[in-house]
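Student: have a look; sequence and predicted model below, questions after that.
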Amino acid sequence: MALYPLPTNLKLIFFFDCVSATLWFCCLVRLLILLPLVGRRFLPGGIADFFHVVALLPLFGFFVVNSLGNRKLFLKDAWSLANGIRMAWICYGVIFAHPKIAKHTSYSILILSYCLSNFIHFSYLAFRTKTRSSPWLLFWLQYTHHYITFPLTMGAEMVLIFLSLAFVAEDSIYEVALKAVLLAYVPIGYLAFNYLGKRRKERYTQVMKKRIQARNSAANSTVPTAAVSTSGVAGVTESHELRELN
């Protein structure tokens, strides 16, 4: 897998991706160590502060990438921005404001799903930035993990929002807002899951089809097989943007 020289702005983006992937991995390891030792009720005391700071990385990364990458904003970028805002709001607007709800099992599930999805995501972006490709397994995980992590995330967030209602003043504006958000989770979650499925079809299934076609074409024309990419994403994905944030 070739390593390409990067201009300064992409070096900074690559550094950010590597740091983000490392921090999410550390958060995951911390969860796996602490949860069996202290249990879910005492887990927040050993991981909450670290996890909540790391959860800001997707939102921070959106602005870092778009400022350093000199990219024009497109409609699909709204997904990345909304995802970062949602994670920040869940951590600081719901959990941090009502810390008792963090003792619930759903908080552990939320940390697990956030860590898995973002570790895969930032690892993939780091490879794409530096090598313009990625290992096949990582490429597959990037566009497949949502089948597990997305339902876990949505379910955990809905439970935490529901639990927070017990600590909000009755008939307050914030209570109405929380109930409205909770009701909106089902239709929005359905649309978001369909979007992820469509994205997988466009960026994984079609790429793999092109890869197979390229191999068949190379074999029929007696072109050396070394000329065909074996990474699963090199070459055929060059037409896609170098960067994406989900």
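Tutor: Okay, I see it.

Student: any idea of the pLDDT on S229?
Tutor: The model reports S229 with a pLDDT of 44.

Student: for the chain, what helix or strand is lowest in average pLDDT?
Tutor: When the helices and strands of the chain are compared on mean pLDDT, DSSP states H and E, helix 206-220 comes out lowest with a mean of 78.

Student: and that helix, which residues are buried?
Tutor: Within helix 206-220, the residues that count as buried by 16 or more other CB atoms under 10 Å are 207-208, 211, 214. Bear in mind the C-beta positions are built from the backbone N, C-alpha and C, glycine included.

Student: please apply the same query to stretch 119-139.
Tutor: Buried positions in stretch 119-139, judged by neighbour count with 16+ other CB under 10 Å: 119-135, 138-139.

Student: longest helix in this protein, please.
Tutor: Criterion DSSP state H: the longest helix present in the chain is helix 8-38.

Student: just checking, what packs against it?
Tutor: Where contact means 3 or more CB pairs under 8 Å, 6 or more residues apart in numbering; DSSP states H and E, helix 8-38 is packed against helix 44-54, helix 57-68, helix 105-131.

Student: what helices or strands is the first one leaning on?
Tutor: So the one you mean is helix 44-54. Helices and strands touching helix 44-54, by 3+ CB pairs under 8 Å, 6+ apart, are helix 8-38, helix 105-131.

Student: could you redo the last one with a cut-off of 10 Å?
Tutor: If contacts are counted by 3 or more CB pairs under 10 Å, 6 or more residues apart in numbering; DSSP states H and E, helix 44-54 sits against helix 8-38, helix 77-88, helix 105-131.

Student: report the distance from stretch 179-187 to the chain centre.
Tutor: The chain centre lies 21 Å from the centre of stretch 179-187; the measure is CA atoms, centre = their mean, to the nearest Å.

Student: hey, C-alpha coordinates of it in CSV?
Tutor: Extracted C-alpha coordinates of stretch 179-187, given in CSV (Å, rounded to 0.1, in the frame of the first residue of the first chain):
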residue,chain,number,x,y,z
LYS,A,179,-40.6,15.0,24.1
ALA,A,180,-40.6,16.4,20.6
VAL,A,181,-37.1,15.1,20.0
LEU,A,182,-38.0,11.7,21.4
LEU,A,183,-41.0,11.4,19.1
ALA,A,184,-38.9,12.5,16.1
TYR,A,185,-36.3,9.8,16.7
VAL,A,186,-38.4,7.0,15.0
PRO,A,187,-39.1,8.7,11.7
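
Student: which ones are touching the residue positioned nearest the centre of the chain?
Tutor: Nearest residue to the geometric centre of the chain (CA atoms, centre = their mean): N118, 3.9 Å. N118 makes contact with 20-21, 23-25, 27-28, 54-55, 57-58, 61, 83, 87, 149, 246, according to CB atoms under 10 Å, 6 or more residues apart in numbering.

Student: quick check: end-to-end length of stretch 122-140?
Tutor: Taking CA to CA, to the nearest Å, stretch 122-140 runs 14 Å from one end to the other.

Student: what does stretch 97-105 give?
Tutor: Distance across stretch 97-105, first residue to last, is 18 Å (CA to CA).
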